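**Student:** here is the input, now give the coordinates:
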Amino acid sequence: MSRNVSVLKQASKWATAAVLSWSMISVSAEQKSNTPDWYLNFDVAGLRSSEIMQHKADDQKKAEQLIDLLLGEASAKSVQRAYAFGYVEEHKVLILQGAFKSHANEIKQRWEALGFAQVEAAPAGIYKVEAKKAIERFASMAKAKGLVDGDSDIQIDDKSSSEGPKFIYSTMLGEQHLVFSDDLTLLQMQQAATLPKMDGSSIFEVVVDVKKALVHGGVNIDDLNQANYQFESISAQQLSQVSVSYQEEGEYSKLQLGLKADTEEVANNIRSIAQGIIALKRLGTRDPVVLDVLNNIRFDQSGGDLLVTLAGPIASLKRLTDDAPKAMTE
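**Tutor:** So this is what the prediction gives:
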């Protein structure tokens with residue numbers, strides 16, 4: 001199931017991949033712990049009004065259309081927050097928060113279109129679908145709307161760790177939460193549906209246990225490093241955690257990348273390589289706005305912990321994102 005991932009893919013394709021691969025990761029259930037191996041926390045309402053997302057209007061529109069396929073257009077517009085977490089096995093949960101009371105029928109119709117069938121009536125109903133069938137239907141709908149390349153080859157592992165087919169479960173909790181999971185017990189445990197707090201200005205936060213989640217999840221980090229960033233001396237096996245967060249406050253933005261390396265030496269190597277890439281980028285641009293952003297990238301390190309911060313006016317970050325594709329191919 002492993003496949004290489006290109007950093008040059010559009011944001012909409014990353015979103016598509018996340019939806020289509022959500023139920024494909026599996027290892028032994030004995031590895032489960034109380035601490036998730038990864039989580040994503042999104043302020044969806046903030047993302048819609050984000051200056052950066054509005055600057056990438058085509059990507060934003062495609063991402064919204066993908067959510068429309070899952071919930072229905074009116075329901076999708078009601079989503080305010082999204083929180084997902086999981087383990088390197090068949091234990092993943094997605095919680096959507098919003099005003100869903102008046103959209104209950106539309107949501108159920110979309111679920112039925114994807115093959116969900118109600119299996120429990122009380123209190124709000126639990127729906128169930130075989131993961132392979134739901135993903136195939138979702139992919140077909142997405143291709144029909146031009147949201148996924150028509151020639152995309154989507155490989156689906158439809159066997160669970162117990163050798164039976166995988167299932168996805170969904171339910172509506174109260175008027176404000178929709179919950180999806182590939183584990184019925186885990187879904188039933190989310191009755192309170194309490195979403196972790198985010199920093200007031202945060203648009204999104206992502207934290208991943210690299211060794212557990214990414215390596216076993218089908219993302220070949222080592223090949224991605226070598227092909228795109230010349231990180232030949234750095235292996236995914238030498239990283240224990242990666243985190244990314246993005247904030248906007250007024251006209252000011254801040255993007256932070258956190259890495260937890262196994263040793264201080266690995267963190268030093270990553271820092272040196274990143275600084276080298278930034279130095280080359282400085283030589284390759286005459287844009288004073290981009291140069292100012294590059295000159296103000298900050299590195300904070302404590303042992304094997306490395307925090308990279310890119311902060312400045314949103315307008316400057318827009319210019320940098322416009323220039324990013326060229327930077328990656330130079």
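**Student:** where does pLDDT dip in this structure?
**Tutor:** Scanning the chain for pLDDT under 70 picks out the ranges 1-34, 53-57, 59-60, 88-90, 122-124, 150-164, 191-201, 211-237, 321-330.
**Student:** mind running it again at 50?
**Tutor:** In the predicted model, the chain carries pLDDT under 50 at residues 1-33, 214-233, 325-330.
**Student:** can you list the domain ranges for it.
**Tutor:** Using automatic domain parsing, the domains assigned to the chain come out as 40-188, 219-329.
**Student:** so for residue 204, which of those domains sits nearest?
**Tutor:** Across the domains of the chain, the minimum distance to residue 204, taken as CB to CB, is reached by domain 40-188, at 4.7 Å. (Each C-beta comes from the backbone N, C-alpha and C, glycine too.)
**Student:** helices of the chain, start to end?
**Tutor:** Read by DSSP state H, the chain holds these helices, from start to end of the chain: 11-20, 44-49, 51-55, 57-71, 73-76, 104-113, 131-144, 184-188, 215-216, 221-224, 264-283, 288-295, 314-329.
**Student:** out of the ones you listed, flag the one nearest residue 95.
**Tutor:** Distances from residue 95 to each of the helices of the chain were compared using CB to CB; the minimum, 9.9 Å, belongs to helix 184-188.
**Student:** ok, residues contacting the closest one?
**Tutor:** For helix 184-188, contacts defined as CB atoms under 8 Å, 6 or more residues apart in numbering pick out 91, 93, 126, 128, 167, 169, 170, 171, 179, 180, 181.
**Student:** going by neighbour count, which of the residues you listed comes out on top?
**Tutor:** Taking other CB atoms under 10 Å to define a neighbour, the member of the contacts of helix 184-188 with the most is residue 181, carrying 25 neighbours.
**Student:** how about the contacts made by it?
**Tutor:** For residue 181, the set of contacting residues under the criterion of CB under 8 Å, 6+ apart consists of 91, 92, 93, 94, 168, 169, 170, 187, 190.
**Student:** adding distance to residue 246, write these out as JSON lines.
**Tutor:** Listed next are the contacts of residue 181 as JSON lines, based on distance: CB to CB, whole Å:
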{"residue": "91", "distance to residue 246": "27"}
{"residue": "92", "distance to residue 246": "23"}
{"residue": "93", "distance to residue 246": "23"}
{"residue": "94", "distance to residue 246": "20"}
{"residue": "168", "distance to residue 246": "28"}
{"residue": "169", "distance to residue 246": "31"}
{"residue": "170", "distance to residue 246": "28"}
{"residue": "187", "distance to residue 246": "29"}
{"residue": "190", "distance to residue 246": "26"}
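**Student:** wait, which of those is closest to residue 73?
**Tutor:** Nearest to residue 73 among the contacts of residue 181 is residue 170, at 18.1 Å by CB to CB.
**Student:** show me where the stretch 151-300 of the chain has its strands.
**Tutor:** Along the stretch 151-300 of the chain, the stretches classed as strands by DSSP state E, counting those that start in this stretch are 167-173, 177-181, 202-209, 239-249, 252-261, 298-302.
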